[in-house]
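Undergrad: Below is the sequence, then the predicted model.
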Amino acid sequence: MFNSEQNHWFVRKVIFWRAAASVAWSVLLLPVTTALFAFLSRFSLFHPIQWISESFSLLYGSYVIFSLVLLCGVVLVVGVFNLEYYTVVPSVPCTKIALLGKVLHPQQSVHSLVHSMMGIMVTWCAATMIGGRYWILAAPCSEEEGVTGQKMCLNEYYLFFLLAGAFMGYSYSLLGVVRNMNYVSFQTIQQCKYLRFKGMLPQVVRYSAVQSLYSVRNYCLFYFFFGKDSDCLLLYTKHSSLHRLDTVSGLLDFRLLYHLWLSGTFLLLTWHITLLLFRIFITEAYSFPVQSSFSEDVSQCLPKVLSEKQPLILKFLALQDLFLLSQQSLSRRMEVFSLSQPGGHPHNWNAICKECLSLLSDLSQRLVEYQEVVASNGRARPLSSHSDQRSTSSETLGMSTLIISSLMSLQILSIDIGLKTPSSSPFSSSSVNRFVGNVDPSSPWYGSVQSPHVMRRGPKLWTASTGRLKFAHVKNFLARRVLIMYLFNKLPEASSQALFADSQAHIWALEGLSNLVAASYKEDRFGVVQTMLPSILSTMLLLQEAVDKHFKLPHASSKPVRSTCCLEDSTFKTLRFALRAALKTAMYRITVTFGEHLHSVQMSAEHRKRLQQFMEYKE
Amino acid sequence: MNSLSLFPPPGPDGNITLFESNNELVCGTSLGSRQKQGWEPPSLLFPRESLKPHSRPESSSKAAFLDHRDTLWMRSARAWRDSGLSGLLDEIANCTEEEVPRWLTVGCSWTLALLRWVSSFHGSLFPHLTLSSEDMVAEFSQVLDWSDCAVRAFAWHPHTDKFAVSLLDDSIRIYNSKSATAPTLKHRLQRNVAALQWKPLCASALAVACHNCLLVWHVDPTSLSTRPSSGCAQVLSHPGHCPVTSIAWSPNGSLLLSASPVDTAMMVWDVAGESCVPLQRVGGGGVTFLSWSPDGSRVLASTPSALFRVWETRTWTCERWPCLKGRCQTGCWSPDGTRLLFSVQGEMVIYALTFTDAPGEPHGWSGSSKAAAIVADLSETSFSTSQGQVRVGGQVQTMAWDPRGERLAVLLKGDPEAPDRPAMIAVFKTRISPIFELLPCGFVKGESGAEPRLLQFHPHFPNGALLTVVKNPSSQHFTAALQPY
């Protein structure tokens, strides 16, 4: 997926540079956070002078410089991972099993593994900077013998610290999947990057500190129960007998916990800042030219760029630019309404309008299909005939694949709408979905290389009626098992969220289109917009109807829990409400501007009735 | 420059201003003379007796209802949840010695004392922070004498003949010219309503600035229900952002701004997503009044100190305007968004600011004039009428500019002690192009004893400018309408 995207001019020329700039800024911020960390790690209430002088001498130490170099490397890797894993359309798992699939996905495993290793590196740096008892892996066995120093034992503090780093790195990665941290949402207002960063920084610091606190708690529990096993693993049974950390008293060492929490905050803060900067840089508005006099630049113009399917970030930025130009820029709007010089065709407007309308009608289509599926209680055709066809190895899913494949007829429980959203996310649960909701013989997956289990079962299941009967028994048997039910039960409102996961694009299309139409009332000298007015209105009214119907479904209008933090972006959870509001606003914008003139627009009687509702302010 | 001495004297006592004709405000005594217009301005009466204000002291009565046998943990947790750190410290400091060790109570009371000292220091920098939140709303509200007024906020719908009125008993009523039902909105959190505004380009959404949150009601215009459930309201709240004294929808209906005198950040709400972006600027100590220019390109945000800001809405940067005398009390924009009129507390003048660059074109910094010019002098002037001397003039409470930019109505604060100097509405004729002009038109007079409290122009009246005035006679409140032209 990525390789094809990498060669796109936009990714090469813009996205890479934005990502590079964000990493550069996070590297520049690194000395500041490191210095703060060094200060706070030496904190002592009763010897402030000693504390400050020690911290200063520490800052000039070679260890800190070396740690900084290492941390720069870590930030670089985190930045690369951010760039590789980000998505503008979140994948919303509709069942627990899909979420499990996301977590166990090979790409995610790589992510977790690398982050665990980087966690170890960061905590190693932190341990070195704190010094003292975290200095080195081996320690004299007891303090009295330390002078002679023959017997060396494992310094458990050191091990404890490094393992904590791995644990925090892993939990960062795991929480990233569960909370869709790789999802990049666009701001509602265009602030400049510095102010956005400044505004978000306190929240990020607080979030990191709180997350670190939770991590420390979880890690201590983990270590308390599994600490002994770590010794066995290392075959290193000789501890310094004075302090054992897998006991309650050993763990209740306040200074140790403080250092652990501080290192955790430091780790999460550097990574979160990198993530925050990445998001800020990547979502910055990009201004595409509306038309160009040079033929080689035509592919970079707005009408052309809008119609491209990949990369998604390009499409989103183009739509955002359309939204901004329609609202703010008179001169660029004039370019949109202008006619081509030889020929006199409104190519710009036609291309933009066509693309927006196709986006909107796609959404109506999707909603109508979903309603049909729900109306027939999920028993209807699986929706997956045009699911995304990226090849990801299914074998790695191991056990879960086996379970799922033997459960294919449990589709009722797990029909997965998430498939239908054009997902670019590497975390997408498609490899799971594919087995769950997708046994359509026309689908490209039918008979392709899958686990032998599926190969054998597949045709039998869906052709022979005896097989089906047998399978119904299996289904009934399994449906009674609580765990299976738990895993396959649909999460409420998740399917609704998944359906609207990419609706930011539709919102911009609606806003952009309606603003352009409203502006055309005064600015469109050639009347190019008028020709499209009937189809714009009918598309919007169709969508309005579909959206209204959707909100009558159960769970569709229930509000999600608001997340407390800025970094856990839950914008996608409320996109359907935003879309509904934007749609109404767009309709009203057109009716307010044109008023009575809309009566002379040709449309069906039903649509006219609907439009009349808007003109009387009764929607 | 204009001054009140150029105005024609206010009409005789007992007469009320009916409409404007041939550049003169016509007074009359009976409703019969209104028939000439062929249009009956509606007026509504809210008898004060039927509106019982809620006597809800914020925390004093709470102790009587709470069970004191709770454990210390429970009480501390509740104190923390209700009033944060200071509440927690207060709770622990007031414990008996059996429950907590002595050193802890002493430590807590010391910390509390330190905190109070720091906050009193902060309060001496920004005196408004020492007010209780109800007083604060009264202080910064656009309504004259808010705490005493039966109508606390008023808003016309921007597109249709419909308005919302917030009353003393914290309910909101919606009146629609086309339907007989007048829904009453009540919500548990709807207290001390300071402002109302309908969402533009929408038929149903009404934003309400409340005591400790923002409410956005979705009132279905086709519904016949007279008491929409509180499920129709979205609650938008942000810690530290209360009381909300001013709200402003962007003219294109996408964003909602809210301001609180306590919070230095003003919030930009994405209402559908219930998320907000704080726009923080430290100076000033809070934000009291917001006004979005009709073209959507700029926002006026005044602070409790002698400072106001004008934000431009492309990239949300702001210009600082330090005033000399006092805080900016009110302001209004010309319909094209190029001119801002504002008034400052402590001065009896109207200032004008001009913004020259065409909105929407990237000319860098939003160009504006270097200093505000005084366009009208509202200092006290005596008129001799048949009833004797009447003194008019004073500070501006609120201003409104009609949507076509042809009339400007200014509500002047009177002197509550002096009966011959009542609060008065002065109407100016305005012209924006080719040059800005402000000409006197006249004073609007209500029934004797009635005091104007709030004014607003009807946003889309077809034949001229329709001024709506909320008045407060001693026991009755009504909304009167006036049609200049």
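TA: Here it is on my side, so go on.
Undergrad: which stretches of the stretch 101-250 of chain B form strands?
TA: B:151-156, B:162-167, B:172-176, B:184-185, B:195-198, B:205-209, B:214-218, B:233-236, B:246-249 (DSSP state E, counting those that start in this stretch).
Undergrad: got any ranges where chain A has weak pLDDT?
TA: A:1-6, A:137-152, A:227-247, A:377-468, A:479-480, A:562-566 (pLDDT under 70).
Undergrad: Around chain B, pick out the residues from it.
TA: A:187-192, A:195, A:198-199, A:327-331, A:511, A:515, A:559, A:562, A:571, A:574-575, A:577-578, A:580-582, A:584-585, A:588-589, A:592, A:616-619 (Cβ under 8 Å from any Cβ of the partner chain). All C-beta spots, glycine's among them, are computed from the backbone N, C-alpha and C.
Undergrad: Could you rerun that using 7 Å?
TA: A:187-192, A:199, A:328-331, A:562, A:571, A:574, A:577-578, A:581, A:584-585, A:588-589, A:592, A:617-619 (Cβ under 7 Å from any Cβ of the partner chain).
Undergrad: Which stretches in the stretch 1-150 of chain B count as helices?
TA: B:62-65, B:72-93, B:102-125, B:133-140 (DSSP state H, counting those that start in this stretch).
Undergrad: Could you export those as TSV, including mean pLDDT and distance to chain A?
TA: What follows is these, written out as TSV (pLDDT from 0 to 100; distance: least, Cβ to the nearest Cβ, whole Å):
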stretch	mean pLDDT	distance to chain A
helix B:62-65	60	27
helix B:72-93	78	15
helix B:102-125	84	15
helix B:133-140	89	24
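Undergrad: now those in a markdown table, with mean neighbour count and distance to A:Leu251?
TA: Formatted as a markdown table, the helices of the stretch 1-150 of chain B follow (neighbours: other Cβ atoms under 10 Å in any protein chain shown; distance: least, Cβ to Cβ, whole Å):
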| stretch | mean neighbour count | distance to A:Leu251 |
| --- | --- | --- |
| helix B:62-65 | 8 | 41 |
| helix B:72-93 | 16 | 24 |
| helix B:102-125 | 13 | 25 |
| helix B:133-140 | 20 | 46 |
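Undergrad: now B:Pro278, what's its secondary structure?
TA: The local conformation at B:Pro278, judged by DSSP: H, G, I helix; E, B strand; the rest coil, is strand.
Undergrad: show me what contacts the nearest residue to it once chain neighbours are set aside?
TA: Nearest residue to B:Pro278 in three dimensions, chain neighbours excluded: B:Ala265, at 3.7 Å (Cβ to Cβ, 6 or more residues apart in numbering or on different chains). Under the criterion of Cβ atoms under 7 Å, 6 or more residues apart in numbering or on different chains, the neighbours of B:Ala265 are B:278-280.
Undergrad: Could you check how far the spatially most central residue of chain A is from chain B?
TA: The residue lying closest to the centre of chain A (Cα atoms, centre = their mean) is A:Tyr183, at 2.1 Å. According to Cβ to the nearest Cβ, to the nearest Å, A:Tyr183 stands 14 Å off from chain B.
Undergrad: and the gap between the residue in chain B sticking out farthest from the centre and B:Trp110?
TA: Centroid-distance maximum for chain B: B:Glu98 at 50.5 Å, with Cα atoms, centre = their mean. Going from B:Glu98 to B:Trp110 by Cβ to Cβ, to the nearest Å gives 21 Å.
Undergrad: How about B:Glu451?
TA: B:Glu451 is 50 Å from B:Trp110, by Cβ to Cβ.
Undergrad: Looking at the stretch 51-200 of chain B, which residue is nearest chain A?
TA: Across the stretch 51-200 of chain B, the shortest distance to chain A (Cβ to the nearest Cβ) belongs to B:Thr160, at 4.3 Å.
Undergrad: show me what contacts that residue?
TA: Counting by Cβ under 7 Å, 6+ apart, B:Thr160 has contacts A:Tyr617.
Undergrad: near chain A, which residues of chain B?
TA: So far as Cβ under 7 Å from any Cβ goes, chain B lies against chain A at B:159-160, B:201-203, B:221-222, B:253-255, B:268, B:270, B:272-275, B:277-278, B:280, B:314-316, B:360-361.
Undergrad: and those, which of them are in helices?
TA: Using DSSP state H, no member of the residues of chain B next to chain A sits in helices.
Undergrad: after the strand or helix carrying A:Leu275, next one along is what?
TA: Take DSSP states H and E as the rule and A:Leu275 turns out to sit in helix A:254-282. Beyond helix A:254-282 in the direction of the C-terminus, DSSP H and E gives the next helix or strand as helix A:302-306.
Undergrad: about what we covered before: okay if I get the strands of the stretch 101-250 of chain B as TSV plus distance to B:Arg339 and mean neighbour count?
TA: Below are the strands of the stretch 101-250 of chain B laid out as TSV (distance: least, Cβ to Cβ, whole Å; neighbours: other Cβ atoms under 10 Å in any protein chain shown):
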stretch	distance to B:Arg339	mean neighbour count
strand B:151-156	22	23
strand B:162-167	27	23
strand B:172-176	32	20
strand B:184-185	35	19
strand B:195-198	22	25
strand B:205-209	26	25
strand B:214-218	29	23
strand B:233-236	32	20
strand B:246-249	18	24
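Undergrad: Could you measure from A:Ala285 over to B:Ile432?
TA: Applying Cβ to Cβ to A:Ala285 and B:Ile432 gives a distance of 32 Å.
Undergrad: the more surrounded of the two?
TA: B:Ile432 (16 against 13; other Cβ atoms under 10 Å in any protein chain shown).
Undergrad: check contacts around the residue nearest to B:Leu104 when sequence neighbours are not counted.
TA: Distances taken as Cβ to Cβ, 6+ apart place B:Ile92 nearest to B:Leu104, at 6.4 Å, with adjacent residues excluded. Listed by Cβ under 7 Å, 6+ apart, the contact partners of B:Ile92 are B:76, B:100, B:104-105, B:108.
Undergrad: Stretch B:231-243: how far from the chain's middle?
TA: 18 Å (Cα atoms, centre = their mean, to the nearest Å).
Undergrad: swap in stretch A:73-88?
TA: For stretch A:73-88, the distance to the chain centre is 13 Å (Cα atoms, centre = their mean).
Undergrad: Just the buried residues of it, please?
TA: Judged by neighbour count (16 or more other Cβ atoms under 10 Å in any protein chain shown), stretch A:73-88 contains these buried residues: A:74-75, A:77-79, A:81-83, A:85-88.
Undergrad: List the contacts of it.
TA: A:2, A:19, A:22-23, A:26-27, A:30, A:111, A:114, A:118, A:121-122, A:182-184, A:270-271, A:274-275, A:278, A:282, A:312-313, A:316, A:424-426.
Undergrad: how about 8 Å then?
TA: Taking contacts as Cβ atoms under 8 Å, 6 or more residues apart in numbering or on different chains, the residues outside stretch A:73-88 that touch it are A:2, A:15-16, A:19, A:22-23, A:26-27, A:30, A:107, A:111, A:114-115, A:118, A:121-122, A:182-186, A:270-271, A:274-275, A:278-279, A:282, A:312-313, A:316, A:423-427, A:502, A:504.
Undergrad: can you check stretch B:232-239 too?
TA: B:185, B:187, B:189-190, B:212-220, B:256, B:258, B:263, B:267, B:269, B:271, B:274, B:276, B:278.
Undergrad: related to what we said a few turns ago, elements contacting the helix holding A:Leu275?
TA: helix A:16-41, helix A:62-85, helix A:106-130, helix A:156-178, helix A:193-234 (3 or more Cβ pairs under 8 Å, 6 or more residues apart in numbering or on different chains; DSSP states H and E).
Undergrad: Give me the angle between the longest one and helix A:156-178.
TA: Inter-element angle recorded for helix A:193-234 and helix A:156-178: 130 degrees (by axes from the mean of the first three to the mean of the last three Cα atoms, to 10 degrees).
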